[in-house]
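Peer 1: A structural model of the following input is requested.
(one chain, ligands or ions: 1)
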Amino acid sequence: MKPAPFSYRRPTTLDEALTTYAGEPDAKVLAGGQSLIPLLSMRLAAPSMLIDINGIAELDRLEVDAAGVRFGANVRHARLLADVDAGRVQPLLAKALGYVAHPTIRNRGTTLGSIVHADASAEMPVVLALLDGTVTAASAAGTRTISARELFVGPLETSLRPGEIATDAYVPALAANTGVGFTEIARRHGDYALCGVAALVATDHTGAITAVRTGYLSVCDTPTVVDVSEVFMDGSFTDRAVDDAAELALGSLEPETDIHASADYRRQLARVLTTRAVREAHDDCLARRTGVSA
Ligand SMILES: Cc1cc2nc3c(=O)[nH]c(=O)nc-3n(C[C@H](O)[C@H](O)[C@H](O)COP(=O)(O)OP(=O)(O)OC[C@H]3O[C@@H](n4cnc5c(N)ncnc54)[C@H](O)[C@@H]3O)c2cc1C
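Peer 2: Got it, this is the predicted structure:
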């Protein structure tokens, strides 16, 4: 199929893009086009105009410091994945980006576009949610910062308002004595996952567990984060506690049945992958303490 007719603008400044968007409420932003173009071709979206943000140089910025990583709307998955400093400051970015589609799609698709597309099967929305990241949104009326908790409001739905362009996202650095893990199962490497789990394990300076959180993609209809710290309350990391963490998390998940997998199968995947991701995050934490990279 071919897209329904639309007009096309390629502004070179953010101000120009925001003014155009304010006057064209049925427009859509075009970033990498790796999700939007198929939707147009299948006529699942029929915007009046595409506002192509690829010519806006200020959205190309990628800034890394000791506090965290900020990436603009035009930063491709591949660039973020290859950025050594970003991977050092927040290793979960690179761990998860390696699972996003194939290199050709990562060369074109943007990480922020993936986040605001808010597909619950995508890796980066759940990474933003697990890390308590934020997205900055600009419109003709001004700029605001949206926490990941407020951003994902439904299937493929965010709290971005009409006329708002997401300009950049921010994820905090990995704190000291903390580790991260990411794992998923897909039918073929590069496909959307049948189920994926991200995990974060925090300890105190003695190595006692202080917090464990897990994040799920392709399980519920929105990216979902569960705090399972309570099963590690005595601070020790045991096989029993890891299994209990998976059971606790399952209580907060309502897996979906679709053409790819039944809810029961997804529940079992979520159970097994939770234990793997939590162990990986703990190993990562130990490796950082001893100075040996995981
Ligand atoms: C074959 C294939 C396999 C894929 N596999 C995976 C996968 O395994 N995991 C995964 O995570 N993704 C996968 N993707 C999707 C890919 O990661 C996309 O790049 C991503 O979902 C969207 O980013 P984009 O820059 O291409 O956005 P676009 O397609 O340009 O836009 C997507 C949506 O977000 C909106 N949007 C984009 N940027 C902004 C912005 N700055 N402000 C406001 N709105 C904005 C658009 O208007 C549109 O509604 C796959 C894509 C393909 C084609």
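
Peer 1: Quick one: name the residues of the protein near the ligand.
Peer 2: Residues of the chain lying near the ligand by CB under 6 Å from any ligand atom: 28-36, 38, 73, 100-101, 105, 109-110, 112-114, 116-117, 122-124, 165-166, 192. The way it works is simple: take the backbone N, C-alpha and C, and place the C-beta from them, glycine included.

Peer 1: Just the buried residues from these, in PyMOL please.
Peer 2: Command for PyMOL that selects the buried part of the residues of the chain next to the ligand, burial taken from 16 or more other CB atoms under 10 Å:
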select buried, resi 28+29+30+31+32+33+34+35+36+73+100+101+105+109+110+112+113+114+116+117+122+123+124+165+166+192
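
Peer 1: show me the contacts for the residue in the chain positioned nearest to the ligand.
Peer 2: Nearest to the ligand, among the residues of the chain, is G109, at 2.0 Å (CB to the nearest ligand atom). Counting by CB atoms under 8 Å, 6 or more residues apart in numbering, G109 touches 31-35, 76-77, 100-101.

Peer 1: and those residues, which of them are in strands?
Peer 2: If you go by DSSP state E, the contacts of G109 have nothing in strands.

Peer 1: Which element, helix or strand, includes the residue positioned nearest the centre of the chain?
Peer 2: Nearest to the geometric centre of the chain sits M124, at 1.8 Å (CA atoms, centre = their mean). In this assignment (DSSP states H and E), M124 forms part of helix 123-130.

Peer 1: do P11 as well
Peer 2: Using DSSP H and E, no helix or strand contains P11.

Peer 1: What count of nearby residues applies to it?
Peer 2: Residues near P11, counting by other CB atoms under 10 Å, number 18.

Peer 1: what's the nearest residue to it if we skip its chain neighbours?
Peer 2: Spatial nearest neighbour of P11, chain neighbours left out: A17 (4.2 Å); criterion: CB to CB, 6 or more residues apart in numbering.

Peer 1: could you list every residue that touches the one you found?
Peer 2: Contacts of A17 by CB under 8 Å, 6+ apart are 9, 11, 29, 51, 53, 56, 165.

Peer 1: so how far is F6 from the nearest residue to R79 once chain neighbours are set aside?
Peer 2: Nearest-residue entry for R79: L62, 6.7 Å, with adjacent residues in sequence omitted and distances by CB to CB, 6+ apart. Noted for L62: a distance of 30 Å to F6, by CB to CB, to the nearest Å.

Peer 1: Now do the same for the residue nearest to P11: helix, strand or coil?
Peer 2: Assigned by DSSP: H, G, I helix; E, B strand; the rest coil, the conformation of A17 is helix.

Peer 1: Kindly provide the distance from it to T167.
Peer 2: A17 is 10 Å from T167, where distance means CB to CB.

Peer 1: now swap in T12 and tell me
Peer 2: T12 is 15 Å from T167, where distance means CB to CB.

Peer 1: SS state for the residue lying closest to N54 once chain neighbours are set aside?
Peer 2: Spatial nearest neighbour of N54, chain neighbours left out: N74 (6.2 Å); criterion: CB to CB, 6+ apart. With three-state DSSP as the basis, N74 sits in coil.

Peer 1: Looking at N74 now. What's its pLDDT?
Peer 2: N74 carries a pLDDT value of 98.

Peer 1: My guess is it contacts D60. True?
Peer 2: Yes. Under the criterion of CB atoms under 8 Å, N74 is in contact with D60, at a separation of 4.7 Å.

Peer 1: Between those two, tell me which one has more neighbours.
Peer 2: Set side by side, N74 and D60 show more neighbours around N74, with 23 against 14, by other CB under 10 Å.

Peer 1: List the contacts of the more buried one.
Peer 2: When contacts are counted by CB under 8 Å, 6+ apart, N74 touches 31, 53-54, 56, 59-60, 110.

Peer 1: thinking again about what came up before, for T178, state which of the contacts of G109 is nearest.
Peer 2: Closest approach between those and T178, by CB to CB: V100, at 22.9 Å.

Peer 1: I'd assumed P125 was in contact with the closest one.
Peer 2: No. Counting by CB under 8 Å, P125 is not a contact partner of V100; they are 11.1 Å apart.

Peer 1: joint contacts of these two?
Peer 2: Common neighbours of V100 and P125 (CB under 8 Å, 6+ apart) are S114.

Peer 1: As JSON lines, the contacts of N74 with pLDDT, secondary structure and distance to A199 would be great.
Peer 2: Formatted as JSON lines, the contacts of N74 follow (pLDDT from 0 to 100; DSSP: H, G, I helix; E, B strand; the rest coil; distance: CB to CB, whole Å):
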{"residue": "A31", "pLDDT": "98", "secondary structure": "coil", "distance to A199": "29"}
{"residue": "I53", "pLDDT": "98", "secondary structure": "coil", "distance to A199": "33"}
{"residue": "N54", "pLDDT": "98", "secondary structure": "coil", "distance to A199": "34"}
{"residue": "I56", "pLDDT": "98", "secondary structure": "coil", "distance to A199": "35"}
{"residue": "L59", "pLDDT": "98", "secondary structure": "helix", "distance to A199": "31"}
{"residue": "D60", "pLDDT": "98", "secondary structure": "helix", "distance to A199": "31"}
{"residue": "T110", "pLDDT": "98", "secondary structure": "strand", "distance to A199": "25"}
